[in-house]
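Novice: Here is a sequence with its predicted model. Questions after.
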Amino acid sequence: MPKAWIAGCSGLALTADERAFFADERPWGFILFGRNVSEPAQLRDLVAELTEAGARDTVPILVDQEGGRVQRLRPPLAPRYPPSMTVGRVHERDGEEAGLRAAWLQGRLLGHDLRDGYGINVDCLPCLDVAFPGTHSVIGDRAYSNDPAVVAALGRAAADGLMASGVLPVMKHLPGHGRTDADSHLELPRVRATRAELEAVDFPPFRALRDLPAGMTAHLLFEALDALRPTTLSPSTIGEIIRGELGFDGLLMSDDMSMKALDGDMGDLTAAAISAGCDLALHCNGDMAEMAKVAASVPELTGRAAERAERALDVIRRGATPGSIDEERREFEGLLALVA
C-alpha cells in the first residue's frame, strides 16, 4: 500500500539510494522537473525506473507541462506550446467556440506528448487562477483570463483534452493564486481580499470544476479565511472552503512542500498538511534528507484519501480516446496562428 506523498528525484536516473528509499517509503507517485530531463531515451528510461519503483499496476508520474514558461519538456523532446493566456486571447478574439476548441486541443496534444512519448500520465494543468492587474509574474500569463467564467470554461476544455489522451489533470491552485503579489516559491504571499471578493472572482472556476478528479493547494495565506495559516496547512480553509463551499471531493495534493512559502521543519510541515486535510504531500526537490522527513510524517494512503486516489487513477486506466493527432495538431496551429 502506498503512502500519502509524491516524490521528486535528484537527477537523470535513480541512484541506488533512491531506489532503496522509494522501495521502503512507497510514494503514491513521482514528479519530474527540468533536472530530470535531457533527451528522449533517457526520459523514457527514467519514467520506466520510477514506474518500477512504484511497484503497482498504475504508478502516477507527474509533470508541470502547461505551455509558455512552465513547460518541463521542451523541443526537441516536445513541441513548444503557448501559455494559457494565449488560448484566452483566441477566445477573446475569435469567439467561444474557437477558444474552447483551442483549449481542448492543447490539453489533448500535451497529454499525447507526455503519455505516448514517455509514459508520463499526470499533468498539473489546468491553472484556474484568475488574472488581476497586479498579479505576480509567478502566475502572470499562466492564467487564461481575468474573467472567472472564461477561466472555468477554458480550464474545463483543457482538462477534458488531457483526459482524452489518458492523462490525469490536476487543477491548481486551490482556492485561487491570482491575487498574489509575491512568489510563493520564495516567500509566503498574503491575500487581503475580503471573503465577498474571493467568492465573486477567485472561487467560481474551482467551484465550476469541482468534479475534476484531482487538485492542488496554494501556499497562500488568505486573511479573510485563516489569518494564521496558509491554505496548505489550514484545516478551516481546506475543510470549510475547498471541501465545503467549493464542493471539491477529488484527490487533494499540496503544492510543493519544499517551497519557501512554508517555514519550519519539513516533517512538522508535512504532518500539518496531512492533518489539515491534504490527501497527499507533494515534495519536489529530490533532497534525500528532506524526503526522509516527509516520508516519516505521512500515513499510508487509506480511507477517503485512498478512494479519491483510486478515482483519479481511473482516468489513467481508461486510456486515450481514438483520434488523428496529426490532424488535431494542424488544427491547433491554425487556431493559434490567428493570435500570433
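Specialist: Perfect, thanks for sending it. Just so it is clear, the model here is predicted, and its values are computed rather than measured.
Novice: Count the neighbours of the nearest residue to His173 once chain neighbours are set aside for me.
Specialist: Residue nearest to His173 in three dimensions, not counting chain neighbours: Ala218, with 3.6 Å by Cβ to Cβ, 6 or more residues apart in numbering. No exception for glycine: its C-beta is placed from N, CA and C like everyone else's. Look at Ala218: counted by other Cβ atoms under 10 Å, it has 27 neighbours.
Novice: Isn't Ala218 up against Thr237?
Specialist: No. Ala218 lies out of contact with Thr237 (Cβ atoms under 8 Å); the separation is 9.4 Å.
Novice: Against Cys127, how distant is the nearest residue to Pro83 once chain neighbours are set aside?
Specialist: The shortest distance from Pro83 to any non-neighbouring residue, by Cβ to Cβ, 6+ apart, is to Gly68 (2.7 Å). Going from Gly68 to Cys127 by Cβ to Cβ, to the nearest Å gives 10 Å.
Novice: what about these two, which has more around it?
Specialist: Legend: neighbour count by other Cβ under 10 Å for Gly68 and Cys127, higher for Cys127 (28 against 16).
Novice: average pLDDT for stretch 81-97?
Specialist: Averaged across stretch 81-97, the pLDDT comes to 96.
Novice: quick one on the thing from earlier: so what's in contact with Ala218 and Thr237 at the same time?
Specialist: 175, 231 (Cβ atoms under 8 Å, 6 or more residues apart in numbering).
Novice: could you pull out the strands for the stretch 201-340 of the chain?
Specialist: Ranges of strands in the stretch 201-340 of the chain, per DSSP state E, counting those that start in this stretch, are 214-217, 221-222, 251-256, 280-283.
Novice: neighbours around the closest residue to Leu220 other than its chain neighbours, how many?
Specialist: Nearest residue to Leu220, sequence neighbours excluded (Cβ to Cβ, 6+ apart): Pro189, at 5.1 Å. Pro189 has 21 neighbours, counted by other Cβ under 10 Å.
Novice: Equivalent analysis for Ala53, please.
Specialist: Using other Cβ under 10 Å, Ala53 has 20 neighbouring residues.
Novice: element containing Ala4?
Specialist: For Ala4, the element it lies in under DSSP states H and E is strand 3-7.
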